[in-house]
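K.L.:
what follows is a predicted structure for the sequence shown.
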Amino acid sequence: MSRVFDKGRRLIMSIRTHIRSIGAALFILAIISGCGGSGDINYNVGTAGWSNWPWPWQTEANIFVSKNYSETIIDSGLTNLWLNGINGEVTITGIPGRGLVSIIAEVRVGSTTLADAQEGLNQLDVLLTDNGSDINVRTSQPSKSLDRQYIVDYNIILPSDLPVSVNLVNSHITFNGLENSTFITLGNGSVYFNSVSGDTTVSIDNGTFIGSMSLNPDSEALISIVIGDIDLNIPTTTSAELFAQVNNGTITWENLDLVNVQATSKTLQGILGDGAGLIDLETVNGNISIIGL
């Protein structure tokens with residue numbers, strides 16, 4: 001058992017390093033070649049901080065303006081969608097057989113005066129590049145926020161079999177019905193999975209993972225959090241090697257036919273089904289819950 005799981009752990013670290021290097025390269029590419037889409041701009045003015053924003057709002061940024069962005073791309077051989085954002089809520093929904101990628105964004109700026117909010121809105125944008133295979137979507141904003149609050153919410157609808165990579169700083173990210181590779185890097189916030197399958201890598205600094213997912217044959221689910229909990233629901237028919245580890249927290253599991261179990265107060269190892277796939281869960285400060293459905 002130890003050799004099997006050591007091999008799995010080495011594979012995990014290799015994959016994570018590879019993903020980060022690819023993501024960084026494409027992020028730089030987007031900065032160099034990105035351009036705004038044919039988004040519709042409609043200015044909306046409000047006079048109160050956005051109450052739904054879960055992170056600290058600039059105290060005096062009580063006047064805000066917003067505009068809308070939308071873009072539709074025909075899927076003629078797309079292989080990846082990459083999203084790099086900073087602050088904002090994200091929902092990505094996969095639909096089987098869909099031939100289009102729809103990107104809708106609401107762009108908001110809060111500030112101390114209407115004039116400054118409008119100036120900030122002119123400096124906040126969604127940049128998109130499409131080279132025929134990869135779609136790169138990026139939030140573009142000033143490096144210093146001053147007294148402003150910058151937020152871009154994304155709602156993306158795409159073919160369910162299109163691989164997705166997401167990099168956010170502050171966000172709650174929801175994935176619905178994706179069936180291919182999914183890679184997520186998040187600073188602060190939560191990741192929610194609804195009926196997601198395929199290879200999955202999730203890395204969160206401070207936040208939670210809550211979701212239901214299934215593994216395709218030989219696929220892998222790698223979820224790591226520094227501070228926060230992991231709540232994972234999987235089918236009872238799942239076939240995978242299972243590894244879970246916490247430094248400060250607890251591990252619980254139920255309704256799973258787990259064999260060859262090796263468990264301590266901080267680790268759990270075992271085999272589900274014939275062990276074709278791999279599930280690796282780790283949190284430094286937090287709890288892990290795995291439930292079979």
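P.N.:
Done, it's in.
K.L.:
tell me how far residue 197 lies from residue 67.
P.N.:
Distance of residue 197 to residue 67, given as Cβ to Cβ, to the nearest Å: 35 Å. Bear in mind the C-beta positions are built from the backbone N, C-alpha and C, glycine included.
K.L.:
ramachandran angles for residue 120?
P.N.:
phi -60, psi -40 (degrees, to the nearest 10).
K.L.:
which pLDDT does the model give it?
P.N.:
Note on residue 120: pLDDT of 93.
K.L.:
and the residue nearest to it when sequence neighbours are not counted, what helix or strand is that in?
P.N.:
Sequence neighbours aside, residue 109 is the residue nearest to residue 120 in space, at 3.9 Å (criterion: Cβ to Cβ, 6 or more residues apart in numbering). Assessed by DSSP states H and E, residue 109 sits inside strand 100-111.
K.L.:
so the residue of the chain positioned farthest from its centre: helix, strand or coil?
P.N.:
Note on the chain: the largest C-alpha distance from the chain mean falls to residue 115, namely 33.7 Å (Cα atoms, centre = their mean). Using DSSP: H, G, I helix; E, B strand; the rest coil, the structure places residue 115 in helix.
K.L.:
quick one: it from residue 109, how far?
P.N.:
Residue 115 is 12 Å from residue 109, by Cβ to Cβ.
K.L.:
also residue 190?
P.N.:
Distance from residue 190 to residue 109, by Cβ to Cβ: 24 Å.
K.L.:
these two: which has the busier surroundings?
P.N.:
residue 109 (26 against 18; other Cβ atoms under 10 Å).
K.L.:
mind listing what the more buried one touches?
P.N.:
By Cβ atoms under 8 Å, 6 or more residues apart in numbering, the residues touching residue 109 are 64, 65, 66, 117, 118, 120, 121, 124, 148, 149, 150, 151.
K.L.:
can you do 7 Å?
P.N.:
64, 65, 117, 120, 121, 124, 148, 149, 150 (Cβ atoms under 7 Å, 6 or more residues apart in numbering).
K.L.:
okay, buried residues for the strand or helix carrying the first one please.
P.N.:
The one in question is residue 64. Following DSSP H and E, the helix or strand that holds residue 64 is strand 63-74. Neighbour counts over strand 63-74 (16 or more other Cβ atoms under 10 Å) mark 63, 64, 65, 66, 67, 69, 71, 73 as buried.
K.L.:
what do you get for stretch 207-227?
P.N.:
Quick answer for stretch 207-227 (16+ other Cβ under 10 Å): 207-215, 219-225.
K.L.:
and of those residues, the nearest to residue 133?
P.N.:
The closest of those to residue 133 turns out to be residue 219 (Cβ to Cβ; 22.2 Å).
K.L.:
quick one, phi/psi of that closest one?
P.N.:
phi -90, psi 170.
K.L.:
neighbours around residue 141, how many?
P.N.:
Residues within reach of residue 141, counting by other Cβ under 10 Å, total 20.
K.L.:
pull the contacting residues for it.
P.N.:
Shown in contact with residue 141 (Cβ under 7 Å, 6+ apart): 86, 123, 124, 150.
K.L.:
residue 199 now?
P.N.:
Contacts of residue 199 by Cβ under 7 Å, 6+ apart are 181, 219, 220.
K.L.:
hmm, which of these is lowest in pLDDT?
P.N.:
residue 219 (92).
K.L.:
could you export the contacts of residue 141 as JSON lines, including distance to residue 173, neighbour count and secondary structure?
P.N.:
Converted to JSON lines, these look like this (distance: Cβ to Cβ, whole Å; neighbours: other Cβ atoms under 10 Å; DSSP: H, G, I helix; E, B strand; the rest coil):
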{"residue": "86", "distance to residue 173": "13", "neighbour count": "19", "secondary structure": "coil"}
{"residue": "123", "distance to residue 173": "24", "neighbour count": "12", "secondary structure": "coil"}
{"residue": "124", "distance to residue 173": "20", "neighbour count": "21", "secondary structure": "coil"}
{"residue": "150", "distance to residue 173": "18", "neighbour count": "22", "secondary structure": "strand"}
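K.L.:
sweet, I'm off.
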